[in-house]
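A.B. asks: What follows is a predicted protein model with its sequence.
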Amino acid sequence: MEKIKNRWLIAVSGVCVHLSIGSIYAWSKLGSMVEKQVVADWSLQQITTVFSIAIFFLGVSAAFMGKVVEKKGPRFTGTIAAIFFGSGVFLGGLALNMENLYLLFATYGMIGGIGLGMGYVTPVSTMVKWFPDRRGLATGLAIMGFGLGAALEIYLIKNIFPAFGITSISTILMILGPVYGVIMLVASQYLEKPPVDWLPEGYNPDELEKSGKVVKKDLSNITANESLKTARFYFLWAILFINVTSGIALISVANSMGREIVMLSVEAAAVLVMLMSMFNAFGRLGWSTLSDYIGRPATYIAFFVIQIAAFYYLTTFFGGDISGAGKIAFQVAFLIILTCYGGGFATVPAFIGDLFGTKELGAIHGYILTAWALAGVIGPQIISYLKDTTGSYQIALYYLIGFLFVGLLSSVLLILNMKKMRKQQIVDAELKMAA
């Protein structure tokens, strides 16, 4: 009899993969270092485009690789992800050293982005299947690593590399690329899907239901292609797209916003970026775990309500309070938004399981992540374009507030769609029994 792997070690392996690829979120800090290092006259929008390309290819590759994870297994896709991401970061450092912007787009942006997408979907769908009793917790653990990746990289850049006399961002990337590649390669070797019909000890939904306990059943159990024919797929896609667009816009310019709006020092702005990474990570674990208790629909409603209030609060700082207390309040609002941003990512895989089952969860997750690809381009480009053309971030924030209201409406429509389907299922069950 084949020995069943330890699902908590599976979780640790998934976190290691996501810690590596999560370094992409340090680009806000890296971007300011790039501005200082390169002699060429690169604009904020051009530097931000590197990040947008990486996120775009993350979503595109995730859409294709979701089905590959289901067919070939997570070890196979994790290995490919390690090669692409590690080489993309290394070659990106080489491109920076050559001061070749288009080569940077192709390496760190495109090659690294493909590795991002592969690495992102590989452990998530696997962990959902290992934790049917704690879906929110499982996806939160995996995706928490993605949020912490930037904090780890910024710490290394600020403290470890300088101790060895390494301050060039191009050199740092050429070192980190192989390191990330090796970590991902080793972690991926332990990843594996659970045996068919496997359930954790003490968890049997049918037995629990017979004993009178309330067991939340999936709305359906369908294939990825079948999911594309449902309205709830597009509601969920829109919800993720709007949540990501708003959050990623702030992430891409967090460093410069802090320095320009409330006059944070260079050091304080760097600390803000690192704290954002940590709150992004803890929001992923906290919100997704909470969603196991309050439900995924209520969790997304909370995301949009909280962010609308927080974004509006940020608009009050233009020409307003930049005292010590004001600076702290500004950063707190940023960090609250980042918990919702991270929580949105971590809750989506569990939500997919609730709506469509786990038959092809990885493939559906890949399709849904195309929302991230588009948001990764639109969010940073909108905020940097409006900043370059208007000289202020305030107008961009108002646009994002309006967008968040659309997200709130989409969440309500999805809830109504789910209730309608549940009622129809009850009617169909009663007719079947009557027949």
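C.D. replies: That came through, no problem.

A.B. asks: Secondary structure element holding the residue nearest the centre of the chain?
C.D. replies: The centre of the chain sits closest to Phe345, judged by C-alpha atoms, centre = their mean, with a distance of 4.6 Å. Following DSSP states H and E, one finds Phe345 within helix 324-356.

A.B. asks: Just the buried positions in that helix, please.
C.D. replies: 326-327, 329-331, 333-356 (16 or more other C-beta atoms under 10 Å). Quick note: C-beta positions are derived from backbone N, CA and C, even for glycine.

A.B. asks: Check stretch 273-285 too.
C.D. replies: Result for stretch 273-285 [16+ other C-beta under 10 Å]: buried residues 273-285.

A.B. asks: show me where pLDDT drops low in the stretch 101-250 of the chain?
C.D. replies: Applying pLDDT under 70 to the stretch 101-250 of the chain flags residues 205-215.

A.B. asks: Go again with 50.
C.D. replies: Under the criterion of pLDDT under 50, none of the stretch 101-250 of the chain is flagged as low confidence.

A.B. asks: Mind checking what secondary structure the closest residue to Gly362 other than its chain neighbours has?
C.D. replies: Nearest residue to Gly362, sequence neighbours excluded (C-beta to C-beta, 6 or more residues apart in numbering): Ser125, at 3.2 Å. With DSSP: H, G, I helix; E, B strand; the rest coil as the basis, the three-state label of Ser125 is helix.

A.B. asks: and Ser125, how many neighbours does it have?
C.D. replies: 26 (other C-beta atoms under 10 Å).

A.B. asks: residues touching Ser220, list them.
C.D. replies: 355-357, 421 (C-beta atoms under 8 Å, 6 or more residues apart in numbering).

A.B. asks: Show me the shaky parts of the stretch 251-400 of the chain.
C.D. replies: In the stretch 251-400 of the chain, no residues with pLDDT under 50.

A.B. asks: ok, which stretches of it are helices?
C.D. replies: For the stretch 251-400 of the chain, the helices defined by DSSP state H, counting those that start in this stretch occupy 266-294, 296-315, 324-356, 361-368, 370-390, 394-434.

A.B. asks: TSV for these, including distance to Trp198?
C.D. replies: Below are the helices of the stretch 251-400 of the chain laid out as TSV (distance: least, C-beta to C-beta, whole Å):
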stretch	distance to Trp198
helix 266-294	20
helix 296-315	24
helix 324-356	15
helix 361-368	15
helix 370-390	30
helix 394-434	26
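
A.B. asks: Nearest to Arg75, out of those?
C.D. replies: helix 361-368 (13.5 Å; C-beta to C-beta).

A.B. asks: With only the CA atoms kept, save the closest one in CSV.
C.D. replies: C-alpha atoms of helix 361-368 as CSV (Å, rounded to 0.1, in the frame of the first residue of the first chain):
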residue,chain,number,x,y,z
LEU,A,361,-10.4,23.2,-9.8
GLY,A,362,-6.9,23.9,-11.1
ALA,A,363,-8.1,24.6,-14.6
ILE,A,364,-10.9,26.8,-13.5
HIS,A,365,-8.6,28.7,-11.2
GLY,A,366,-6.3,29.2,-14.2
TYR,A,367,-9.2,30.7,-16.2
ILE,A,368,-10.2,33.0,-13.3
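
A.B. asks: Touching that helix from outside, list them.
C.D. replies: 62-67, 69-70, 117, 121, 124-126, 128-129, 223-224, 227-228, 233, 236-237, 240, 348-349, 352-353, 356.

A.B. asks: show me what contacts Phe304?
C.D. replies: Contacts of Phe304 (C-beta under 8 Å, 6+ apart): 242-243, 404-405, 407-408, 411.

A.B. asks: Need the residues you listed in a markdown table (columns: distance to Ala298 and neighbour count).
C.D. replies: A markdown table is the format used below for the contacts of Phe304 (distance: C-beta to C-beta, whole Å; neighbours: other C-beta atoms under 10 Å):
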| residue | distance to Ala298 | neighbour count |
| --- | --- | --- |
| Ile242 | 17 | 27 |
| Asn243 | 15 | 29 |
| Leu404 | 17 | 25 |
| Phe405 | 18 | 12 |
| Gly407 | 14 | 23 |
| Leu408 | 12 | 18 |
| Ser411 | 9 | 26 |
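
A.B. asks: now, which of the residues you listed sits nearest Gln307?
C.D. replies: Out of the contacts of Phe304, the member with the shortest distance to Gln307 (by C-beta to C-beta) is Leu404, at 5.3 Å.

A.B. asks: give me the number of residues near the closest residue to that closest one other than its chain neighbours?
C.D. replies: Spatially, and ignoring its direct neighbours in sequence, Leu404 is nearest to Ile308 (4.9 Å; C-beta to C-beta, 6+ apart). Around Ile308 there are 19 other residues, counting by other C-beta under 10 Å.

A.B. asks: now swap in the one 3 residues further on and tell me
C.D. replies: Around Phe311 sit 21 other residues, with neighbours defined as other C-beta under 10 Å.

A.B. asks: Skipping adjacent residues, who's closest to it in space?
C.D. replies: Phe311 sits nearest to Ile401 (C-beta to C-beta, 6+ apart), 4.9 Å away.

A.B. asks: go on, Gln189?
C.D. replies: Looking at Gln189 with C-beta to C-beta, 6+ apart, the closest residue is Arg75, at 6.0 Å.

A.B. asks: so the one you found sits right up against Leu185, yeah?
C.D. replies: No - using C-beta atoms under 8 Å, Arg75 is not in contact with Leu185, being 10.2 Å away.
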